[in-house]
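Chemist: Have a look at this fold, sequence not included:
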């Protein structure tokens with residue numbers, strides 16, 4: 001693949017559902033491109049195709065019409081097994097509710113994407129610890145989710161998304177359950193990852209969150225209404241994050 005080719009490309013993607021005799025057009029012909037290393041915020045109101053778009057971008061659903069190219073490969077015609085392999089290799093997911101297992105440690109939660117990859121337990125531990133170090137939680141590896149703050153749980157979820165070394169992070173309303181200060185800390189971490197070359201697609205309905213991205217795409221009623229580059233606002237790290245970095 002050429003270095004200048006988009007990492008993600010949607011061409012006239014539509015998704016239609018039937019509910020009895022009613023046809024629901026969740027997406028009505030979406031075309032967009034995302035380049036390697038971009039931090040893109042997709043602003044979508046509830047009921048305007050947010051879940052559908054995330055599921056298609058995450059290779060969890062197929063469009064009714066149109067094409068989806070991921071890293072130069074057209075994916076809408078792949079088998080379920082091929083999609084799963086591509087998803088595991090290319091994508092890391094961060095969800096609004098974080099989806100952490102309550103009875104397992106932060107380290108074990110981060111390891112989860114590696115369990116079915118044939119990787120040894122020792123190697124899984126090593127990679128999970130590296131991912132926790134990367135998000136500033138090396139000293140919380142043995143803590144359970146109920147022993148962590150909301151922001152720390154978010155960082156565990158981001159570490160889990162990073163552990164398999166994906167090319168793209170898909171974050172679905174990752175600040176939806178957090179207060180303003182903790183949300184900014186999360187955006188600071190996403191900006192760090194973007195500066196290191198990670199491609200980030202963040203779906204949100206919060207304009208305060210979208211200002212930290214390098215590009216904002218607005219989707220309404222299943223259509224792209226605007227697509228603009230911007231100078232992102234810098235998310236300032238909380239004091240404890242800065243202290244960790246200075247002592248590293």
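Modeler: Nice, thanks for sending it over. Predicted, not measured: the structure shown is a model, and the values here were computed from it.
Chemist: the strands in the protein, which residues?
Modeler: Counting by DSSP state E, the segments of the chain that form strands are 8-19, 22-34, 39-44, 65-70, 73-74, 91-94, 168-172, 199-204, 215-220, 223-229.
Chemist: can those go into TSV with extra columns for distance to residue 126?
Modeler: Quick note: C-beta positions are derived from backbone N, CA and C, even for glycine. Listed next are these as TSV, based on distance: least, CB to CB, whole Å:
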stretch	distance to residue 126
strand 8-19	30
strand 22-34	31
strand 39-44	28
strand 65-70	28
strand 73-74	30
strand 91-94	18
strand 168-172	21
strand 199-204	25
strand 215-220	35
strand 223-229	38
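Chemist: Which one, of those strands, ends up nearest to residue 133?
Modeler: When these are ranked by proximity to residue 133, the top entry is strand 91-94, at 16.5 Å, counting by CB to CB.
Chemist: ok, that closest one: who's next to it in the sheet?
Modeler: Here strand 91-94 is paired, per DSSP bridges, with strand 168-172 (parallel).
Chemist: for the partner strand, what is the average pLDDT?
Modeler: Model confidence over strand 168-172 averages 95 on the pLDDT scale.
Chemist: Next, the contact list for residue 38, please.
Modeler: 194, 199, 200, 214, 215 (CB atoms under 8 Å, 6 or more residues apart in numbering).
Chemist: from those, which single one is nearest residue 158?
Modeler: Closest approach to residue 158 among the contacts of residue 38 (CB to CB): residue 200, at 10.2 Å.
Chemist: which residues does that closest one form a beta bridge with?
Modeler: Applying DSSP bridges to residue 200 yields these beta-bridge partners: residue 39, residue 169.
Chemist: I'd like to check which residues are in contact with residue 201.
Modeler: With contacts defined as CB under 8 Å, 6+ apart, residue 201 is in contact with 8, 34, 40, 42, 57, 168, 169, 170, 171.
Chemist: Any of these buried? List them.
Modeler: 8, 34, 40, 42, 57, 168, 169, 170, 171 (16 or more other CB atoms under 10 Å).
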